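Engineer: For reference, the sequence and a predicted model appear below.
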Amino acid sequence: MTSVALAVGANRIVKAGRIPHPAGDPDKEPEHERAWRARVVETALDALAADIDDQTVFEV
Amino acid sequence: MRDAVPPMVALALKLARGEEMRPPSEDHYFPRGRRRNVFVRQTAAHRAVEMLLKKVRGEPYETELIIPQFDCVPPAPAIGDLASARLVVGTEGGTVPAGNPDGIEAVRATKWGQYPIAGMRAMAAGAYESAHGGYDSRFANADPNRMVPLDGMRALEGQVYRELHESYFSTVGCGMSIVQGAEIGQAMAAEMKEKGIAGIVLTAT
């Protein structure tokens, strides 16, 4: 929940899946889900390497 | 000192006699954020309207429910050299080995755990369960990578970043107080510092 992450002060936030599966999407075929998850992780790594001054939401 | 000692002595005597303490403003001690149920004559609606009217009139009023203040934590510096960084993956979604060996609580958790993933390409279905009491855990139980994206972390290991830590971090962030959350976050950060881990990918429900 991106809104909660913002409210509690997380700084590097990746907007990805839904509450019960933040790094998954059960509607996708397993192969596509894995590829999508790799992109989520890649976005998270981009976030860790990004210079930020304030709370930032990164989109996959 | 002359101002402080008399109320301190009065409070100490009160405690020694086993008398009931009054609120901090009356018994002159530091508020500790404790709340106690008391019986009052007026309903909550009545008291709330009265409080609101006082606020509108600019008169002093005292809230019955202090809203927690969230810390503004300055962002950690960017990881400059991701290619040589060791990272860890974690979740507040309560993914634990089947059987929940550390007994992490389903709500208001006081614990967190570290569980081995060395040599594993992905989180195996059936080997893990969700200890979290705040969401439908069927999706995460069917494929725990949806909560702890180990397969995704492995896909980028040795390419985008150097290596993944040998265990993953997990706790249950359901109904957790801010104070408890901060304590667990600090404990995870201390562990990361000790193990030379530069960053964490932490999923949240």
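Structural biologist: Sure thing, it's come through. Numbering: from 1, shown residues only, chains lettered A, B, ... in the order given.

Engineer: Identify the residues contacting residue 60.
Structural biologist: In the absence of a named chain, chain A is used. A:14-16, A:36, A:39-40, A:43 (Cβ atoms under 8 Å, 6 or more residues apart in numbering or on different chains). No exception for glycine: its C-beta is placed from N, CA and C like everyone else's.

Engineer: switch to chain B, that's the one I care about
Structural biologist: By Cβ under 8 Å, 6+ apart, the neighbours of residue B:60 are residue B:54.

Engineer: Leaving out the residues flanking it, which one is nearest to residue B:66?
Structural biologist: Nearest residue to residue B:66 in three dimensions, chain neighbours excluded: residue B:33, at 7.2 Å (Cβ to Cβ, 6 or more residues apart in numbering or on different chains).

Engineer: Dihedrals phi and psi, the one you found?
Structural biologist: Here is the backbone geometry of residue B:33 (degrees, to the nearest 10): phi 80, psi 10.

Engineer: Kindly tell me how buried it is, as a neighbour count.
Structural biologist: Here the count is done by other Cβ atoms under 10 Å in any protein chain shown, and residue B:33 has 8 residues near it.

Engineer: repeat for residue B:75
Structural biologist: Neighbourhood size, residue B:75 [other Cβ under 10 Å]: 15.

Engineer: coming back round to it: quick one: which of the contacts of residue A:60 has the most company?
Structural biologist: Going by other Cβ under 10 Å, residue A:14 tops these with 26 neighbours.

Engineer: now that one, what's its secondary structure?
Structural biologist: The three-state assignment at residue A:14 reads strand, by DSSP: H, G, I helix; E, B strand; the rest coil.

Engineer: What is the neighbour count of residue B:160?
Structural biologist: Residue B:160: 17 neighbours (other Cβ under 10 Å).

Engineer: Quick check, pLDDT for it.
Structural biologist: According to the prediction, residue B:160 has pLDDT 96.

Engineer: pretty sure it is in contact with residue A:45, am I right?
Structural biologist: Yes - if you go by Cβ atoms under 8 Å, residue B:160 and residue A:45 touch, sitting 5.4 Å apart.

Engineer: which residues are common contacts for the two?
Structural biologist: Any residue near both residue B:160 and residue A:45 by Cβ under 8 Å, 6+ apart counts here, and that gives residue B:82.

Engineer: tell me which element residue B:37 falls in.
Structural biologist: Of the helices and strands defined by DSSP states H and E, none includes residue B:37.

Engineer: Over to residue B:14?
Structural biologist: helix B:5-16.
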